[in-house]
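Chemist: give me the fold of what follows.
(3 chains)
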Amino acid sequence: MEWISKALEKVRKRKPLVQNITNFVVMNTTANALLAIGASPVMAHARDELEDMLRIADSLVVNIGTPDEHWIASMEKAVKIASEMKKPIILDPVGAGATKLRTETALKLLEIGDITILRGNFDEIAALLGEHGKTRGVDSTTYEKDKAKELAFIAAKEFNTVVAVTGPVDYVSDGREVYAIYNGHEMLGRVTGTGCMVTAITGAFAAVEEPLRAAVSALVVFGIAAEKAYEEAKYPGSFHVKLYDWLYRINGELINKMERVRKVEP
Amino acid sequence: MEWISKALEKVRKRKPLVQNITNFVVMNTTANALLAIGASPVMAHARDELEDMLRIADSLVVNIGTPDEHWIASMEKAVKIASEMKKPIILDPVGAGATKLRTETALKLLEIGDITILRGNFDEIAALLGEHGKTRGVDSTTYEKDKAKELAFIAAKEFNTVVAVTGPVDYVSDGREVYAIYNGHEMLGRVTGTGCMVTAITGAFAAVEEPLRAAVSALVVFGIAAEKAYEEAKYPGSFHVKLYDWLYRINGELINKMERVRKVEP
Amino acid sequence: MEWISKALEKVRKRKPLVQNITNFVVMNTTANALLAIGASPVMAHARDELEDMLRIADSLVVNIGTPDEHWIASMEKAVKIASEMKKPIILDPVGAGATKLRTETALKLLEIGDITILRGNFDEIAALLGEHGKTRGVDSTTYEKDKAKELAFIAAKEFNTVVAVTGPVDYVSDGREVYAIYNGHEMLGRVTGTGCMVTAITGAFAAVEEPLRAAVSALVVFGIAAEKAYEEAKYPGSFHVKLYDWLYRINGELINKMERVRKVEP
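Modeler: Numbers count the residues shown, from 1 in each chain, chains lettered A, B, ... in the order given. Presented below is the predicted three-dimensional model:
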């Protein structure tokens, strides 16, 4: 779809400043993913500087992957400020369902702020909807294709936001339309934080494009980069390196050739 | 030895969920090492979610590499809970001997919980035994082969746990038997957190195998992966990348061909 | 200049222990950069162990990239102790100017301690001098060559320290002399934390060489490593990997062939 490569062009041209409150595991990798795609990352979590930083930021990414009381307080404050400032907010509820703290933290952030895009795997989003009791860490293990589509659609309506449920096939919905994205590669499961990377990149797209298209574009671009990376590297260490290379190299021509997105019935 | 490749098979089949409370420097690299070997990593440190997370985890890895009062309190709580739940606990006393805080933290964790495997370099384990006053950061500088063997053996008896003293030759003991592992490569010393990686991987093996064999298997597998990585890459950046590749690629055939383990007299 | 390769030789020979209080994004990458160049990194931030760690350290690197009240308190304590111990202290005021917290934190550290070298981009150093109101995150966007030279010179006099203003051309001054360094590569801007890496490496050089030469040497060595890395890898993931390789491979011969340093009029 034409608008995906257009969205990437906009990211590259405007170099949005993406403010991240993310987890310790992926701070480096998400910053590198944002730089590779052409955006400008910043990481700040001190409550005393959130307002200053959000004023110059183009979007906010909140990722609850290594939560504790101090960081949760920062996330809450950041989500409130960004909501007031009408900045796009992307939420990654890492491990929701695995522990009560994570489920509750994600639900509270959804409640107190105006979350633009919610990006999680099947178990995480399902846990937030209360349909599902347990997730196994941050892996997506109980994915089922038809259920994933339904989940994205229902969660989008329930939380009044765009929801991206990622897995073997990714589904993105705003509660009216649903897109299915077939791009990606299973080797992504062997590198930590690839879900967090796509969430961060979604923050870059959300700064330059409306939410539904931003979420779809980020998943397509990231998925194609992963496919190209795997063409060059079959093992996780090398694949990880090539993933950044292809986030940098990907362009409109490649997107138009390789995108596998379809608008599907809800 | 036959059981090493068997242990690796078990890790790959069961994909144990390894809960880590580790240091900021290596969060990403240890998660990637666990994923590459076939395990499933999770990182959680909030006191409010430790019980939930440990309930679904198959083992706990505690690494004191960047300690402070908040994280130490989490480590203590996690070790207590995991002990009650009878989950395998692996302790990496990074920098013990370099500062009083680290030595005392490690000793306290050994005291309050049922540590399954203690993995450190010569100076760290020696400091814990009180034989040694100073270590130079996290490097292993004062290693001596015969002393290392003795140290593993004595520390295992003293702390009533399996002890792995790593260095040019690694020694693992449960206070009765001692294994010497000659696998590994000195280029590991030029990449940060490779000791922490092997500790994390030990957590994966301890989830599927009894402690002595788990510790030996982890060191052999990691050591061979390092040797293979060096065959392909002679410099630290590239070597680091290939290390993940080989943690993913290593198999029983390679282990049987390359393992250099011997059971030695205490 | 002869003394640059000499300084590198000293780093490799003495393997200085560089104590870092740095940001979450770059803990792993700065440790790896230090190891690659031949130094020995340690990361410690607990107020209870700072004195122990600084006693054995050869220099202190403080980087305010992800500040909060707890970490700032540690930075202040570390700077005070290291000043008393007369250890070289390198300060990287990441994001000064972007938020009031960062500007004030950096200024306070300059005030309470004896900072040996201050290393930042144009906007950061300018913000500290109060000439400049806003920086855009951690990017250096408003760089101007002549102004950068002047800035380094004035800031060095103002703060009574060596100042390195990095950008397309780097300027280093002690308030009397000014050096211009033309080494480096723009691909460094596509990898997170490369500024932090050169600050960390400056800590290694400052442990073995007087401040002005230490700062120049670090920038030249890092810049040449980047140029060599780019010869081998044109995309950011692969470039990042090769950067460590070349920090390890760089030697006196390469430095003498490739250095582009000039002493310039203030």
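Chemist: when you work out contacts or count neighbours from here on, use the C-alpha atoms and nothing else.
Modeler: Fine.
Chemist: which residues in chain A form helices?
Modeler: For chain A, the helices defined by DSSP state H occupy A:2-14, A:27-37, A:50-56, A:69-84, A:100-112, A:122-129, A:145-159, A:194-206, A:211-232, A:236-249, A:252-258.
Chemist: tell me the most buried of those helices?
Modeler: Highest mean neighbour count among these (mean count of other C-alpha atoms under 10 Å in any protein chain shown): helix A:194-206, with a mean of 29.
Chemist: circling back to that earlier point, could you redo the helices of chain A as CSV and give each row mean pLDDT?
Modeler: Shown next, in CSV, are the helices of chain A (pLDDT from 0 to 100):
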stretch, mean pLDDT
helix A:2-14, 98
helix A:27-37, 98
helix A:50-56, 98
helix A:69-84, 98
helix A:100-112, 96
helix A:122-129, 94
helix A:145-159, 91
helix A:194-206, 98
helix A:211-232, 98
helix A:236-249, 98
helix A:252-258, 98
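Chemist: save those helices as JSON lines, and put in distance to B:A225 too.
Modeler: Shown next, in JSON lines, are those (distance: least, C-alpha to C-alpha, whole Å):
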{"stretch": "helix A:2-14", "distance to B:A225": "39"}
{"stretch": "helix A:27-37", "distance to B:A225": "23"}
{"stretch": "helix A:50-56", "distance to B:A225": "43"}
{"stretch": "helix A:69-84", "distance to B:A225": "37"}
{"stretch": "helix A:100-112", "distance to B:A225": "35"}
{"stretch": "helix A:122-129", "distance to B:A225": "33"}
{"stretch": "helix A:145-159", "distance to B:A225": "36"}
{"stretch": "helix A:194-206", "distance to B:A225": "23"}
{"stretch": "helix A:211-232", "distance to B:A225": "21"}
{"stretch": "helix A:236-249", "distance to B:A225": "12"}
{"stretch": "helix A:252-258", "distance to B:A225": "35"}
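Chemist: so which of those helices is nearest chain B?
Modeler: Of all the helices of chain A, helix A:236-249 sits nearest to chain B, with 4.7 Å by C-alpha to the nearest C-alpha.
Chemist: which strands and helices lie in contact with that closest one?
Modeler: Here helix A:236-249 touches helix A:27-37, helix A:211-232, helix B:236-249, helix C:236-249, going by 3 or more C-alpha pairs under 8 Å, 6 or more residues apart in numbering or on different chains; DSSP states H and E.
Chemist: other residues contacting the second one?
Modeler: The set of residues that contact helix A:211-232 without belonging to it, under C-alpha atoms under 8 Å, 6 or more residues apart in numbering or on different chains, is A:3-5, A:7-8, A:116-117, A:162, A:164, A:170, A:172-174, A:179, A:181, A:183-185, A:187-188, A:198, A:201-202, A:205-206, A:208, A:239-240, A:242-243, A:245-247, A:250, A:255, A:258-261.
Chemist: and it with helix A:2-14, angle?
Modeler: 90 degrees (axes from the mean of the first three to the mean of the last three C-alpha atoms, to 10 degrees).
Chemist: try the third one
Modeler: Using the same axes, to 10 degrees, one finds that helix B:236-249 and helix A:2-14 are set 150 degrees apart in direction.
Chemist: relative to the whole chain's centre, how far out is helix B:236-249?
Modeler: 18 Å (C-alpha atoms, centre = their mean, to the nearest Å).
Chemist: hey, C-alpha coordinates of it in CSV?
Modeler: The C-alpha trace of helix B:236-249 is given here as CSV (Å, rounded to 0.1, in the frame of the first residue of the first chain):
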residue,chain,number,x,y,z
PRO,B,236,36.0,-8.6,19.8
GLY,B,237,33.0,-7.0,18.0
SER,B,238,32.7,-9.7,15.4
PHE,B,239,33.6,-12.4,17.9
HIS,B,240,30.7,-11.3,20.2
VAL,B,241,28.2,-11.6,17.4
LYS,B,242,29.5,-15.0,16.4
LEU,B,243,29.3,-16.2,20.0
TYR,B,244,25.4,-15.9,19.8
ASP,B,245,25.5,-17.6,16.5
TRP,B,246,27.3,-20.6,17.9
LEU,B,247,25.2,-20.8,21.1
TYR,B,248,22.4,-21.3,18.6
ARG,B,249,24.3,-23.7,16.3
